[in-house]
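Asker: one predicted model, sequence on top.
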Amino acid sequence: MRWLRLGESVGPSTIRLVLVDIDGVLTPGEGANAEPGLLSRVASWNDAAAVDPKVPGISLCSGRQAPYVELMAQLTHAFLPCLFEHGAGMLQPRGFRFRFSPLLGPAPWRAVAAVREALGELLESGRAFVQPGKEATLTLYPVGSTTVAELAEAAERAVAQAGSRFNVTPNIRGVELRPPGIDKGTGTRWLADELGVALAAVAGVGDADDDLTFLRLVGYPAAPANASVSVRSTAQYVSGRPFVEGLLDILEHLVEVNRRRATA
């Protein structure tokens, strides 16, 4: 990959890669409108990174399903591998290839299908729904009077009934089911190994507490203004702007960091 060969002209402390969450960073989140004009500016940064070693390449690190991540990769001109489903899988934009984490078996969707079957009555009654499109993980949302706590209990029972191994994690809006060992941190290690990039040369941008698994791992964590208290306290740089405007500000800051380090 040409981007990696350019590393010969870059110092060891140069930030080479920026891992970016989608919901809460590139977009305001689920069900909210994105800003195409601002996303095109992110794409311009990636175009520059493809030819200039001082500009870090932008990749995606999201809990979203593979087709959505692939679309966002197109919109941001991502040329480096991206993580989907919290690092359960990796998209390689060049060559259009999807792979599942080596931490998973050869057919992770079988375990997901078994849990969905065990959740049948809850889903068929309309008291909850599954975010479509995920193959190695599950995201459940309550409907009507169903609470997140009730949904988490139902998910625990379904996992036990299916004889599967999933960690059940409730959040503000719903419930996440992930195989053991799968999170954005392990996904980031996998991605860095694939690219041959040291974690110290990776920056991360996230907004929510589940981003901490990779933000605490990378060499330069950053956050937009809308990030949670925990994320802001972890970040080395917090933008005064929210969402993608904050990301653009962070990218400018990272280029300046690279310039300072090159002359130090």
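Answerer: It's in. The model shown is predicted, which means the values in this text are computed figures rather than measured ones. Numbering: from 1, shown residues only.
Asker: wait, Val202 touches Ile15, no?
Answerer: Yes. Here Val202 reaches Ile15: they are 7.2 Å apart, a contact under CB atoms under 8 Å. In short, each C-beta sits where N, CA and C put it, glycine included.
Asker: can you show me the helices along the stretch 1-150 of the chain?
Answerer: Here the stretch 1-150 of the chain has its helices, by DSSP state H, counting those that start in this stretch, at 2-5, 36-49, 66-75, 109-118, 120-124, 148-162.
Asker: nearest to Ala225 among these would be which one?
Answerer: Shortest distance between Ala225 and those, using CB to CB, is found for helix 36-49: 14.6 Å.
Asker: can you give me the mean pLDDT across the closest one?
Answerer: For helix 36-49, mean pLDDT rounds to 95.
Asker: flag every buried residue along that helix.
Answerer: Leu38, Leu39, Val42, Ala43, Trp45, Asn46, Ala48, Ala49 (16 or more other CB atoms under 10 Å).
Asker: again with stretch 99-111
Answerer: Quick answer for stretch 99-111 (16+ other CB under 10 Å): Phe100, Ser101, Leu103, Leu104, Pro108, Ala111.
Asker: so what touches it?
Answerer: Stretch 99-111 is touched from outside by 87-90, 92, 135-136, 162, 164-166, 179, 181-182, 186-187, 190, with contacts defined as CB atoms under 8 Å, 6 or more residues apart in numbering.
Asker: again, but for stretch 128-145
Answerer: By CB under 8 Å, 6+ apart, stretch 128-145 touches 63, 65-68, 85-86, 88-89, 100-101, 104, 108-109, 112, 115-116, 119, 122-123, 126-127, 146, 148, 150-151, 154-155, 166, 173-179, 182.
Asker: how far off centre is that stretch?
Answerer: 18 Å (CA atoms, centre = their mean, to the nearest Å).
Asker: same thing with stretch 209-229?
Answerer: 11 Å.
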